[in-house]
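>>> curious how this folds, go ahead:
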Amino acid sequence: MVEETLEARVARLERQMTLMAGARTDSSEPAADDWKQTVGMFRGDGIVAEMIEQSRRLRDEDRRRARETGESAPA
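Predicted structure coming up:
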């Protein structure tokens with residue numbers, strides 16, 4: 001996988017933010033389907049994938065510990 005430079009990543013994120021800001025209506029409230037624009041925006045992002053994997057490991061460890069001690073796992 002080709003690593004993106006910091007400058008390229010920031011430029012890509014700025015473009016995404018501009019697109020998201022342009023999708024807003026005149027209202028200060030977001031439209032009901034604004035969330036759809038974010039679906040897949042982190043696909044292929046290795047850092048986000050690593051974050052998700054680390055979170056999964058922490059949850060699994062919490063569950064294991066809770067089973068061993070009989071305590072409820074943290075929310």
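>>> and the lowest-mean-pLDDT helix or strand in the chain, what does it pack onto?
Here the helix or strand of the chain ranked lowest by mean pLDDT, DSSP states H and E is helix 6-22, holding a mean of 87. Helix 6-22 sits against no helix or strand, with contacts defined as 3 or more Cβ pairs under 8 Å, 6 or more residues apart in numbering; DSSP states H and E. C-beta: built from backbone N, CA, C; applies to glycine.
>>> mind listing what's buried in the lengthiest helix in the chain?
Ranked by residue count and defined by DSSP state H, the top helix of the chain is helix 46-69. By neighbour count on 16 or more other Cβ atoms under 10 Å, the buried set for helix 46-69 is empty.
>>> so that helix versus helix 6-22, what angle?
80 degrees (axes from the mean of the first three to the mean of the last three Cα atoms, to 10 degrees).
>>> ok, so what distance separates residue 59 from residue 5?
Residue 59 sits 33 Å away from residue 5, going by Cβ to Cβ, to the nearest Å.
>>> same question but for residue 71, I mixed them up
46 Å.
>>> which residues of the chain score low on pLDDT?
Per-residue confidence for the chain (pLDDT under 70) gives these ranges: 1-2, 23-28, 72-75.
>>> about what we covered before: buried set for the least confident helix or strand of the chain?
In helix 6-22, counting by 16+ other Cβ under 10 Å, buried: nothing.
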